[in-house]
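sequence unavailable; structure follows:
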Ligand code: PLP
């Protein structure tokens, strides 16, 4: 039962709180529930009604170490007490921000050498775009500025990063995407147009489409390609076999930079420290955020390769100090959270657990749902998984989006005590639990997923 305080909060929420990614009218009119989250422990969160849910999406695939970790809370408190803030402009630093930079580079692929800290995945990708343009200006190639992203990619929701994002919801009525951003085909094997294609053939098709676009635009105008190692918000779609090798061959041919957006995959989610290692990518820039602090404090980063760094240095030797920075870049409280978080990731063995428990979870999910006539695809990698629903399996006929099958299944799942995410485009139920998930907890998620699917789509 809601107490008076909760009723008051709910009223304030509807009247004053402008929520992100929320149906504004329905929420303000009280047609959708307000859930006030009060606490969290391990993989569970609890709301003000005392209702506990197993959060199999780790917030927004970010609470990688799980909720309620004392070590991180203590590190934040100690930093706030000792030195809550000092900026990082003109060469200033704090012990926390410098130490975290060293820890990030120690964990990053060997050819990466510097990290620029921001606050969100969106602002880190915004930094990437500026660095890419700056880089080509320094190299005397002012026309080489276009950035190719992919349909269904997710890279943020700012003006430029929302343009990189390849999901209609994030473009509609916002006058996005903006030039010079282009989108090429999503590496979405389950939705391939030619069903007889093998994964390798489909990867070749994606690489060919990319090359056609580069040639049509003029390679001298294309600066960079950005992609998540595994598509996340666009549907949790692992790359088909051979995809990254074929894409990188095209990029190298035309001297185009690669940005690996590892906001979701950085720091262990795929069972390796970075998704780039997992899929053999050699990026020039890596975007990090969520897993850097497990969302205990907002912190993101742009990791820069040594090659690119050398060009950026030439730029400031010629142009002066970098004209780019946020007040809160490398905020010491967030950096302290990051240090404690990365230490916990090591101490708890979470990268290995993402590999082993992830493999167990995905195998159990696939076997539980194997015979279901409306489950068209069960896929994933590490501790990321998705179930895609279809009206007809043999014809791969999708449901009419107005039926909102995905949201219905995630609502039914919540009733069974588990949080999964209805991905925004398509009828797809996504899972990305905290990396500390145990096999017993994985079993709970699988059982609830089966129950929710049978409730909404009885066989
Ligand atoms: N890049 C990827 C791959 C993401 O998944 C997200 C957010 O989910 C972002 C960038 C944007 O991060 P933020 O929401 O912190 O701006």
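Nice, I can see it. Treat the numbers as computed from the prediction; the structure is a model and nothing was measured. Numbering: from 1, shown residues only.

now the stretch 301-450 of the chain against the ligand: closest residue?
Residue of the stretch 301-450 of the chain nearest the ligand, by CB to the nearest ligand atom: residue 432 (9.8 Å). Quick note: C-beta positions are derived from backbone N, CA and C, even for glycine.

could you find the closest non-adjacent residue to that residue?
residue 61 (3.8 Å; CB to CB, 6 or more residues apart in numbering).

tell me, how many residues neighbour the one you found?
By other CB atoms under 10 Å, the residues close to residue 61 number 25.

can you check residue 424 too?
Neighbours around residue 424, by other CB under 10 Å: 19.

equivalent analysis for residue 12, please.
Close neighbours of residue 12, defined as other CB under 10 Å, add up to 11.

pull out the buried positions in stretch 189-206.
189, 190, 191, 192, 199, 202, 203, 204, 205, 206 (16 or more other CB atoms under 10 Å).

out of those, which is nearest to the ligand?
Nearest to the ligand among these, with distances taken as CB to the nearest ligand atom, is residue 206, at 18.4 Å.

wait, residue 192 touches residue 203, no?
No. Between residue 192 and residue 203 there is no contact under CB atoms under 8 Å: 10.2 Å.

can you confirm residue 258 is in a strand?
Yes. Assigned with DSSP: H, G, I helix; E, B strand; the rest coil, residue 258 falls within a strand.

please name the residues that touch the nearest residue to it once chain neighbours are set aside.
Excluding the flanking residues, the one nearest residue 258 by CB to CB, 6+ apart is residue 283, at 4.6 Å. Neighbour list for residue 283: 109, 258, 259, 260, 276, 305 [criterion: CB atoms under 8 Å, 6 or more residues apart in numbering].

care to break this protein down by domain?
1-29, 35-65+350-456, 71-347 (automatic domain parsing).

and the shortest one, does that touch the ligand?
No. Residues of domain 1-29 contacting the ligand under CB under 6 Å from any ligand atom: none, with a closest distance of 8.6 Å.

just put the domains of the chain in CSV and tack on mean pLDDT.
CSV is the format used below for the domains of the chain (pLDDT from 0 to 100):
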stretch, mean pLDDT
domain 1-29, 87
domain 35-65+350-456, 97
domain 71-347, 98
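
can you pull the contacts of the residue of the chain found nearest the ligand?
Closest residue of the chain to the ligand, CB to the nearest ligand atom: residue 121 (2.2 Å). Shown in contact with residue 121 (CB under 8 Å, 6+ apart): 155, 156, 161, 261, 263, 287, 289, 290, 300.

among the residues you listed, which two are most distant?
161 and 290 (14.8 Å; CB to CB).

before we move on, back to that, export the contacts of residue 283 to CSV and tack on distance to residue 407 and neighbour count?
Output for the contacts of residue 283, formatted as CSV (distance: CB to CB, whole Å; neighbours: other CB atoms under 10 Å):
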residue, distance to residue 407, neighbour count
109, 38, 17
258, 35, 21
259, 31, 25
260, 30, 27
276, 33, 24
305, 40, 21
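
nearest to residue 368, of these?
residue 276 (31.6 Å).

so what's the closest residue to that closest one other than its chain neighbours up against?
What sits nearest to residue 276 in space, not counting adjacent residues and going by CB to CB, 6+ apart, is residue 260, at 4.9 Å. Residue 260 makes contact with 227, 228, 229, 274, 275, 276, 281, 283, 285, 286, 287, according to CB under 8 Å, 6+ apart.

what kind of secondary structure is the last one in?
Spelled out, that is residue 287. Applying three-state DSSP: residue 287 is strand.

that one: neighbour count?
30.

any idea how far the residue nearest to residue 258 is from residue 224?
The spacing between residue 283 and residue 224, counted by CB to CB, to the nearest Å, is 10 Å.

now do the strands in the stretch 301-450 of the chain.
375-381, 384-389, 418-419, 421-422, 428-431 (DSSP state E, counting those that start in this stretch).

the residue most central in space within the chain: what secondary structure?
Residue closest to the average C-alpha location in the chain (CA atoms, centre = their mean): residue 264, at 3.3 Å. When states are read from three-state DSSP, the local structure at residue 264 comes out as coil.

got it, and residue 90?
helix.

how about residue 187?
Criterion first, three-state DSSP; result for residue 187: coil.

contact partners for it?
150, 202, 203, 206, 231, 237, 239, 240, 243.

from the contact counts, what lies against the strand or helix carrying residue 213?
Under the criterion of DSSP states H and E, residue 213 resides in helix 199-217. When contacts are defined as 3 or more CB pairs under 8 Å, 6 or more residues apart in numbering; DSSP states H and E, helix 199-217 packs onto strand 146-150, strand 181-184, helix 243-253.

around the ligand, which positions in the stretch 201-350 of the chain sit nearby?
228, 232, 233, 261, 263, 264, 289.

give me the number of residues near the fifth one?
Spelled out, that is residue 263. 29.

ok, and the closest non-adjacent residue to it?
residue 121 (3.8 Å).

so who does the nearest residue to residue 43 once chain neighbours are set aside touch?
Spatial nearest neighbour of residue 43, excluding adjacent residues (CB to CB, 6+ apart): residue 434 at 5.0 Å. Under the criterion of CB under 8 Å, 6+ apart, the neighbours of residue 434 are 42, 43, 55, 58, 63, 64, 65, 66, 67.

what do you get for residue 326?
Neighbours of residue 326 in contact, by CB under 8 Å, 6+ apart: 118, 119, 123.

surely the second one meets residue 295?
Read that as residue 119. No. Counting by CB under 8 Å, residue 119 sits too far from residue 295 to count as a contact (11.8 Å).

now stretch 443-455: buried residues?
Residues of stretch 443-455 classed as buried: 444, 445, 446, 448, 449, 450, 452, 453 (neighbour count, 16+ other CB under 10 Å).

list the buried residues of stretch 250-261.
In stretch 250-261, counting by 16+ other CB under 10 Å, buried: 250, 251, 254, 256, 257, 258, 259, 260, 261.

and the closest residue to the first one other than its chain neighbours, how many residues sit next to it?
To tie it back to what came earlier, the one meant is residue 250. Excluding the flanking residues, the one nearest residue 250 by CB to CB, 6+ apart is residue 211, at 4.9 Å. For residue 211, the neighbour count with other CB under 10 Å is 19.

of all the buried residues of stretch 189-206, which comes closest to residue 131?
Using CB to CB, the buried residues of stretch 189-206 come closest to residue 131 at residue 206, 25.8 Å.

quick one: residues contacting the closest residue in space to residue 143 that isn't next to it in sequence.
Distances taken as CB to CB, 6+ apart put residue 221 closest to residue 143, at 5.4 Å, once the chain neighbours are dropped. Shown here is residue 221, whose contacts under the criterion CB under 8 Å, 6+ apart are 143, 144, 145, 146, 180.

who wins for neighbours among the residues you listed?
residue 144 (23 neighbours).

residue 136 is in contact with that one, correct?
Yes. In terms of CB under 8 Å, residue 144 counts as a neighbour of residue 136; the distance is 4.4 Å.
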